[in-house]
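Participant: sequence and computational prediction follow.
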Amino acid sequence: MYELKTKETDNSVIEFIEQVESPKKREDAYRLLDVFTETTGFEAKMWGPSIIGFGSYHYKYESGHEGDMPLVGFSPRKAKISLYFQPGDAKREELLRDFGKYTTGKACVYINKVADINVDVLKEMINQSISITTKLYPNK
């Protein structure tokens, strides 16, 4: 049976951010911590070894696979900063037009630094992702 690696932990968010090697990326992580906390109203929690998540939801797929994930989150990785949102949201594509410099994956938006993006658009993306996720998975 597959076991999800990304689980909420009791690890310290601040200790994790303090271990980020690049001083600039560390500074950006603190800025994102403020933005996500202020926007979501949720306390930051570590999910797995490297994701800072806010809120949570429980999902269950038709295949029977289920688990818990943060509503939104970010991770200051070495190469880029990963921003985690609900995948498949058409509104996200619209918001990204005014977001700034980024690349995307399925559920992630990758940025080099906070200075490259429009923080007001980031706040809209956070709220939009939470809205979509809580409609898709209303049970938590």
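Facilitator: That came through, no problem.

Participant: can you give me the strands in the protein?
Facilitator: In the chain, the segments counted as strands under DSSP state E are 44-47, 51-54, 57-60, 66-69, 72-76, 81-84, 103-104, 108-111.

Participant: same for the fourth one, what does it pack against?
Facilitator: Using 3 or more C-beta pairs under 8 Å, 6 or more residues apart in numbering; DSSP states H and E, the elements in contact with strand 66-69 are strand 57-60. All C-beta atoms are positioned from the backbone trio N, CA, C, and that covers glycine.

Participant: quick one: contacts of the strand it packs on?
Facilitator: Outside strand 57-60, the residues that touch it by C-beta atoms under 8 Å, 6 or more residues apart in numbering are E66, G67, D68, M69, L71, T133, T134, L136, Y137, N139, K140.

Participant: now L71. Nearest residue, chain neighbours left out?
Facilitator: Leaving aside its chain neighbours, L71 sits nearest to G55 (3.6 Å; criterion: C-beta to C-beta, 6 or more residues apart in numbering).

Participant: so what pairs up with the residue nearest to the spatial centre of the chain in the strands?
Facilitator: In the chain, the centroid-proximal residue (C-alpha atoms, centre = their mean) is G73; its distance is 1.9 Å. Here G73 shows beta-bridge partners G53, Y84, assigned using DSSP bridges.

Participant: contact partners for it?
Facilitator: Residues near G73 by C-beta under 8 Å, 6+ apart: F36, W47, I51, I52, G53, F54, L83, Y84.

Participant: the third one contacts Y84, doesn't it?
Facilitator: Yes: counting by C-beta atoms under 8 Å, a contact exists between I51 and Y84, whose distance comes to 6.8 Å.
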